[in-house]
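>>> Got a sequence here, can you model it:
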Amino acid sequence: MLWGSGDLLGRLDNWVQDREFNARLPAREREAIARNRDLKGLYEGSTAVVIGNGPSLKEDPLLFAPNVRTFVCNAFWKHPLATSLDPDVYVVTHGSLFNHSEGSREFLVESSRVCPGSLFFVPSSGLEFARECLRGPQIAAIAQNGYMPTWKVGTLDLTRVVPFVPTVVQTAVIIALYLGCAEIVLLGCDHNWLDDFGHDDHFYAGETAGTDALPAEELPIRSHYSRMLGYVSAVWESYRQLEAIATRNGARIRNATPGSRLDLFAPPRVEFRLDTRKLQPEIEERSGRGAGPT
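Numbers count the residues shown, from 1 in each chain. All right, here's what the predicted structure looks like:
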């Protein structure tokens, strides 16, 4: 079903856009995303924690309840707890990671080495390159076109084209909704770009992967302040649309990021973490703060 404005012309416009985007997709990419039908509802009714790479993640123990599904993004493999977390889904859509450079190849190889048990989602256009680099993990493709803030097709069906979104976290939310997650908790989503214009901080130091080589116009964080304001506005509008779609599907989006500037979502109502009071020795060991030998 297409969610439109409710009138006939709106529904027709939605249908035309959907047909146009999917018709442009090469046959091999259409075949790749068609396989996503087997993933529909895979985590039906589950709680998902979608983990961004913001600086707040530095102090997070990443200890979650056994029934929680974890979604991570792009350079998460750089986190010291990445292997022990063993994320369920790993979303890699950063444009510079599929340019066939040696740096992008090394990045993808390393992500699959650190998180070999994850289901990786990659752009359909980069699927063949991903298969060369991602050694061992299961790989699924996602096709994106259009732009979420102006998206006319209300469905988020991974067997068809879905919209580009300003952040990879939002792509992970789209995937979590398709997989049937009922409560989606955001973590590591500081979204504080306007606090210190010109800096895009993560839990790790340096660039994600070769972004220093991109022109300024492709990186709003390094462009004009007015451009950055437009980017942040698009991020917020995309979240609003995702929230509306989640609500239609009986799902909820929550934000558990400490100090986050993302003010659209309430805190989680479900307990998604382990009781850390009972696990303090394990937390200290995982963070490298254990007492050591005596």
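>>> What segments of this protein are helices?
For the chain, applying DSSP state H gives helices covering 8-24, 27-34, 82-85, 102-114, 127-133, 168-178, 225-248, 280-287.
>>> Compare these and give me the one nearest Phe265.
helix 225-248 (7.3 Å; CB to CB). The C-beta positions use only the backbone N, C-alpha and C, and glycine is treated the same way.
>>> other SSEs contacting the closest one?
helix 168-178, strand 252-255 (3 or more CB pairs under 8 Å, 6 or more residues apart in numbering; DSSP states H and E).
>>> one step back: going by mean pLDDT, which of the helices of the chain comes out lowest?
Mean pLDDT is lowest for helix 280-287 out of the helices of the chain, coming in at a mean of 55.
>>> Return the distance of the closest residue to Val165 other than its chain neighbours relative to Ile142.
The spatial neighbour of Val165 that comes closest, neighbours along the chain excluded (CB to CB, 6 or more residues apart in numbering), is Met148 at 4.6 Å. Distance of Met148 to Ile142, given as CB to CB, to the nearest Å: 13 Å.
>>> cool, Gln170 as well?
On the measure of CB to CB, Gln170 and Ile142 end up 12 Å apart.
>>> Kindly report the same for Pro149.
Taking CB to CB, one finds Pro149 at 19 Å from Ile142.
>>> Which residue, other than its chain neighbours, is closest to Phe169?
Not quite, residue 169 is Val, not Phe. Gly52 (4.5 Å).
>>> which residues does that neighbour contact?
By CB atoms under 8 Å, 6 or more residues apart in numbering, the contact list for Gly52 reads 73, 167-169, 186-190, 257.
>>> Just give the closest residue to Leu158, not the sequence neighbours.
Closest to Leu158 by CB to CB, 6+ apart is Asn36, at 4.0 Å.
>>> which residues touch that neighbour?
Applying CB under 8 Å, 6+ apart, the residues near Asn36 are 140-142, 158-159, 178.
>>> And those, which two are furthest apart?
Farthest apart among those - using CB to CB - are Ala141 and Tyr178, which lie 12.9 Å from each other.
>>> Does Leu186 touch Ala246 like I think?
No - Leu186 is beyond contact range of Ala246, at 11.9 Å (criterion: CB atoms under 8 Å).
>>> Mutual contacts of those two, please.
Joint contacts of Leu186 and Ala246 (CB under 8 Å, 6+ apart) are 173, 253.
>>> of those two, who's got more company?
Leu186 (28 against 21; other CB atoms under 10 Å).
>>> The more buried one and Gly180, how far apart?
18 Å.
>>> just to revisit the earlier point, which ones among the contacts of Gly52 map onto strands?
73, 186-187 (DSSP state E).
>>> In contact with His202, which residues?
53-55, 57, 75, 208 are the contacts of His202 under CB under 8 Å, 6+ apart.
>>> List the buried residues in stretch 255-264.
255-257, 260, 262 (16 or more other CB atoms under 10 Å).
>>> Correction: the previous question concerned stretch 40-50.
Judged by neighbour count using 16+ other CB under 10 Å, the buried positions of stretch 40-50 are 42-43, 46-50.
>>> for stretch 179-199, same thing?
Quick answer for stretch 179-199 (16+ other CB under 10 Å): 179-193.
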